[in-house]
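S.K.: Sequence and computational prediction follow.
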Amino acid sequence: MNPELLIKNGHVIDPANRINRICDVLIADEKFVEVGRVKKPVSNTLDATGKLVVPGLIDIHVHFREPGDEEEETIASGSAAAVAAGFTSVVCMPNTTPPIENETDVEYVHRKARKARLTHVYTMGAITKGRAGVELAEMGFMSQAGAVGFTDDGDGVQDPSVMLRALKYAQMFNTVIAQHCQDDKIAGPGVMNSGYYSTILGLPGLDPLAEEAMLWRDIQLLKKIKPGTARYHVQHISTAGSVELIRAAKKQGLPITCEATPHHLLLTEKCCAEYDTNYKVNPPLRTEKDIESLKEAIADGIIDALVTDHAPHLQSEKELEFLAAPFGIASLECSLGLYVKALIEPGILDWPGLIRLLTEKPAKIIGVNKGSMTKGKQADVTIIDPEAEYKIDVRKFRSKSRNCPYNGWLVKGRVEKTIVGGEIRFSAED
Amino acid sequence: MAHKTKEFKWEKKHLLGLRELSPDEISYILDTAAGFEQISARAVKKTPPLRGKLVVNLFFEDSTRTRNSFALAASRLSADVVEFTKNDSSVSKGETLLDTARNLEAMGIDIVVIRHGAGGAPKLLSKYINACVVNAGDGYCEHPTQGLLDVYTIRKLRGSLKGLKIAIVGDITHSRVARSDMWAMTKLGAKVTFVGPPTLLPPNVEQLPVKVSYSLDDVIEKVDVINMLRIQFERIGGNPFPSVREYSHYFGLTGERMKKAKPDILVMHPGPINRGLEIESEVADGRNSVILQQVSNGIAVRMAVLFLVNQAAAQQVKQIKET
C-alpha cells in the first residue's frame, strides 16, 4: 500500500469537476481521496502555494518511434520527456517500423512503457495493414489489447471505400478513427505550404485543399455512422478551411472532434524562408490568417484537444536539403510554455480553459478514465508554476532528438512536479 | 577594369540567388563582366586572378552548357577546375550533400559551383562550409548566373533595362530561370510579364512583382524582349497541358506570331531549345535571336561572379587576420 500524499494549498483546476480554487488534494493508494480542505496532518505533504494543481496532462498525439527508429526516440526517452513536460498520459502514433497493426504490437508498446515506468503510454493502432490504405487491420484484437483508437497517421486513408469500411467496422468497438487528412493526389510532392513562399523558394507546395478535401470527404462518410457507435477525430488541423468544415459538421451533430498543435498556432510558412528544416512539418506551417482562425476555433470550443505531434528526428536527417529532410518538430518538452504563449498570453483562453484541452477533453476523445481528479480515479497530477519564466534549451531535452525550432524562446509556465498514480515521477531542479 | 559603379564594394562570398541582391550589386557584377568580356576576345584568353585557386563543379543534375561555361570561366581566370558530377537525384540515399561538400572542402577547394535538384541546396552548403558557394541552379528556385547573363545581354544591346517590357513565356512553375530573371530584370527597372497556361503558373503568382497573362498573342506586340522557356518535362508531373501540339499552338514562338512583334524585339532562350515546340527554328535562328550571344556572355558573367566571390572571401580572411 502506498503512503498518503497531500498536496497543500495549491490553486486546483479540475475542469471536469468545475473546480477552480485554492484547496488541497489528498491521494492514497494511488487514487484521489479528496479535493478540498484537508485538515488532518499527512507526513508526506507537498506545499503548492502559488502553484497550479491540475489533473495530469494528456497528449494524444506523439511519436516515440519504437519499434524501428530507436536512434530518434524510444518509449523510455519519450516517457522521460513527457513527465518533464507534465504529461501523465500520452498516445503514441502507430507509424513505427513495423507499424503497430496487431495486438502483439500494442502489447509491445505497453511492455516498454511499463519498463520505463514514467508515464502512461497508450497507443493507437493502424487503420489498415501496413498503413497501406488497402485492407483493415485487426481493430478488434487491438482494441482488446488496449489500443485507444486507430489512425494511419503520417498518411491519410486515400481510398474512400476503405475509410467508410473503417468507420463502419469501428462501430463494434465504440472507438475513435483518427485521420491525418491529406489527399495525396492534391498534395503531390509538396514540402511546405503552397503559396508565395513556396513559389519564391522554389519548393513544391502542399495546398490547404489537400487537407480540406479529405476532411470534407470524411464528413460525408461520417453521416453513414450510427450515433454513439464510433467517433471520428481530425488530427493536427492547420487551415482556416478545416476549421469551417468542422464547425459546420459539429453544428450538424456529427461525432467529430479535432486537435491542434503549438506550431500551427505560433509559426507561419514565412519561417521556412531560410530553408531551416526544423520548420519542415506536415501539415505544413500555414499563414497568419490560418493561425487567427485556429485561435478563434479554440476560443469557440471547436477544437477539442491540444497535441504536440512530437516528431523526433536525428540532426543528421534534418541537415539535409529541405526537399529531402523528414517532416516533424520535437516539441513535447517545451509544449506547456508554448500553449501559454499561444493561448493564455493573448487572452484566447484562461488557465481552466487551457487545462481542459489538455486533460478532460482529450481523455474523452480516446475514451480513457482520466483527465480529472474525481474521487477514486488514478491519481495523475501536474503541478505548474504559472509565472515561472524560462528559456527553452534543446540541449537539456530528455528526448533523444533536438529538432525543435523553439530553442532560445522565452516562455512562461513551468512544470514543477509530475505525479503518476500517486507517485512523484518528475521534480523540477532547483 | 573600368567599373562604372564608383566606390562600390562587393562583399558577398557566395552567390546564392538574385532575390537577395540589390540593384547596385547586380549592376556591379554586370560592370565587372563587361571588363572580362574583352579577355575572351583576345588571342591569349587567360588572366591570373584565380591562379592557385581550386574551383569544383559540383553538379547533381545534367548540364552541359552551364557546367562547361563555369569551367571555361574558371580556367580563363587561371583557376584549377575539378569536375564532380553526380547524376543522382536520390538525395536521401547514400552520402549526404553536406558530407560530399565537407569531403571536397577537406581537399582544399576554394569555390564550389553547385547545381542541385533541391531548392535551397546552395544555401544549405553555405551555412556549413567555408568555401565560396556559387549557385548554378537549385531546383526551381534560382539560376542566378543565367539571370545575370540574360540582363547582361539585354543591357549590352539596349543600354539599360529601365522601362523595357519583357515577357517570359512557358513553364513558370518549374523554372528557376524565370525566377532569377524576374528578380534581376525588375530590380533593374524592367516590367516583366509571365506568360503561360494557368497550370504552369506558380501558387500566389499575383504576389510576385510581375504581370501575368495566359495569352502570348496579347503580349507579343507590346514587348521589347521575349524569353522563351524550355518545357521541363523532367520536372512536370501529370499533364499540365493536353498535348505538345496544343501548347505550341498557344505558346510557341512561331514565325507567324513574330510578325506581330516589334521589329527590334530581342528573342531569348536559356537553352537547350526544343525546336518546334516552344520556338520555331526560323525564329531561334532568325535575326532577332540573341540566343548564342547569351551563351557567349555567360562566360564573362561567370568570370565576374567567380572573381568577385573569391575577392570577398580573401578580404574576409584578411579582416579576420587583422583583428
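M.R.: Yep, that arrived. Remember, predicted model here, so these are calculated numbers, not experimental data.

S.K.: Count the residues that sit near B:Ala43.
M.R.: 4 (other Cβ atoms under 10 Å in any protein chain shown). (C-beta placed from N, C-alpha, C; glycine too.)

S.K.: Am I right that it is in a strand?
M.R.: No. Read with DSSP: H, G, I helix; E, B strand; the rest coil, B:Ala43 is coil and lies in no strand.

S.K.: Please tell me the pLDDT value assigned to it.
M.R.: Here the pLDDT value assigned to B:Ala43 is 88.

S.K.: ok, now how distant is it from B:Gln311?
M.R.: Distance, B:Ala43 to B:Gln311, using Cβ to Cβ, to the nearest Å: 26 Å.

S.K.: Could you do A:Pro204 as well?
M.R.: In this structure, A:Pro204 and B:Gln311 are 36 Å apart, going by Cβ to Cβ.

S.K.: Looking at the two, which is more packed in?
M.R.: A count of neighbours by other Cβ under 10 Å puts A:Pro204 above the other of A:Pro204 and B:Gln311, at 21 against 18.

S.K.: Ramachandran coordinates for that one?
M.R.: Dihedral angles of A:Pro204 (phi, psi; degrees, to the nearest 10) stand at phi -70, psi 140.

S.K.: Check the contact between B:Asp181 and B:Leu149; I expect there is one.
M.R.: No. Checked against Cβ atoms under 8 Å, the pair B:Asp181 and B:Leu149 is beyond contact range at 10.1 Å.

S.K.: what number of residues lie near B:Val219?
M.R.: With other Cβ under 10 Å as criterion, B:Val219 counts 20.

S.K.: and it, what element?
M.R.: Here B:Val219, judged by DSSP states H and E, is contained in helix B:216-220.

S.K.: Next, the residues that contact that helix from outside, please.
M.R.: B:167, B:169, B:193, B:195, B:213, B:226, B:250-251, B:253, B:257-258, B:260-261 (Cβ atoms under 8 Å, 6 or more residues apart in numbering or on different chains).

S.K.: please redo it, this time with the cut-off set to 7 Å
M.R.: Helix B:216-220 is contacted by residues B:167, B:169, B:193, B:195, B:213, B:226, B:250-251, B:257, B:260-261 when judged by Cβ atoms under 7 Å, 6 or more residues apart in numbering or on different chains.

S.K.: go on, stretch B:293-309?
M.R.: Contacts for stretch B:293-309 (Cβ under 7 Å, 6+ apart): B:10, B:12-15, B:29, B:32-33, B:36-37, B:40, B:49-50, B:55, B:65, B:69-70, B:72-74, B:76-77, B:111, B:132, B:134, B:145, B:148-150, B:152-153, B:268.

S.K.: How far away from the center of its chain is stretch B:33-50?
M.R.: Counting by Cα atoms, centre = their mean, to the nearest Å, stretch B:33-50 is centred 20 Å from the centre of its parent chain.

S.K.: Tell me which stretches of the stretch 101-250 of chain B form helices.
M.R.: Secondary structure of the stretch 101-250 of chain B (DSSP state H, counting those that start in this stretch): helices located at B:121-128, B:144-158, B:176-187, B:216-220, B:244-251.

S.K.: could the ones you listed be laid out in CSV, adding mean pLDDT?
M.R.: Listed next are those as CSV, based on pLDDT from 0 to 100:
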stretch, mean pLDDT
helix B:121-128, 94
helix B:144-158, 98
helix B:176-187, 98
helix B:216-220, 98
helix B:244-251, 94
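
S.K.: what would the ones you listed look like in TSV with distance to A:Ala305?
M.R.: Shown next, in TSV, are the helices of the stretch 101-250 of chain B (distance: least, Cβ to Cβ, whole Å):
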stretch	distance to A:Ala305
helix B:121-128	36
helix B:144-158	46
helix B:176-187	41
helix B:216-220	52
helix B:244-251	49
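
S.K.: what's the burial count for residue 214?
M.R.: Since you didn't name a chain, this refers to chain A. 25.

S.K.: other chain: chain B
M.R.: 14.

S.K.: wait, it sits on B:Pro198?
M.R.: Yes. Using Cβ atoms under 7 Å, B:Tyr214 is in contact with B:Pro198, at 6.3 Å.

S.K.: still on that earlier bit, please name whichever of the helices of the stretch 101-250 of chain B is nearest to A:Tyr390.
M.R.: helix B:121-128 (28.1 Å; Cβ to Cβ).

S.K.: residues making contact with the closest one?
M.R.: A:275, A:321, B:14, B:16, B:97-98, B:101, B:112, B:114, B:133, B:135, B:138.

S.K.: same check, this time on stretch A:222-232
M.R.: With Cβ under 7 Å, 6+ apart as the contact definition, stretch A:222-232 has outside contacts at A:164, A:167-168, A:170-171, A:174-177, A:218, A:254-257.

S.K.: Please name the residues that touch B:Met185.
M.R.: Neighbouring residues of B:Met185 by Cβ under 7 Å, 6+ apart: B:151, B:161, B:166, B:192.

S.K.: Pretty sure A:Leu349 sits in a strand.
M.R.: No. Counting by three-state DSSP, A:Leu349 is not part of a strand but coil.

S.K.: how much space between B:Ala33 and chain A?
M.R.: From B:Ala33 across to chain A, the span is 25 Å (Cβ to the nearest Cβ, to the nearest Å).

S.K.: Which strands and helices lie in contact with the one helix or strand that residue maps to?
M.R.: Per DSSP H and E: B:Ala33 is located in helix B:23-41. Applying 3 or more Cβ pairs under 7 Å, 6 or more residues apart in numbering or on different chains; DSSP states H and E, one finds that helix B:23-41 makes contact with helix B:144-158, helix B:176-187, helix B:291-322.

S.K.: for those helices, which one sits closest to A:Ser143?
M.R.: Of all these, helix B:176-187 sits nearest to A:Ser143, with 51.2 Å by Cβ to Cβ.

S.K.: Looking at chain B, which residue is nearest chain A?
M.R.: Nearest residue of chain B to chain A (Cβ to the nearest Cβ) works out as B:Cys141 at 2.6 Å.

S.K.: who touches that residue in this structure?
M.R.: Listed by Cβ under 7 Å, 6+ apart, the contact partners of B:Cys141 are A:201-202, B:17, B:119-120, B:176, B:179.

S.K.: For those, give me CSV that also has distance to A:Val307 and neighbour count.
M.R.: Formatted as CSV, the contacts of B:Cys141 follow (distance: Cβ to Cβ, whole Å; neighbours: other Cβ atoms under 10 Å in any protein chain shown):
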residue, distance to A:Val307, neighbour count
A:Leu201, 28, 27
A:Gly202, 32, 25
B:Gly17, 37, 25
B:Gly119, 30, 27
B:Gly120, 29, 27
B:Arg176, 38, 25
B:Arg179, 37, 27
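
S.K.: From those, pick the one nearest A:Ser399.
M.R.: When the contacts of B:Cys141 are compared for distance to A:Ser399 (Cβ to Cβ), B:Gly120 wins out at 26.3 Å.

S.K.: The residue lying closest to B:Phe241 once chain neighbours are set aside - how many residues pack around it?
M.R.: Spatial nearest neighbour of B:Phe241, excluding adjacent residues (Cβ to Cβ, 6 or more residues apart in numbering or on different chains): B:Tyr247 at 4.6 Å. B:Tyr247 has 20 neighbours, counted by other Cβ under 10 Å.

S.K.: Great, nothing more from me.
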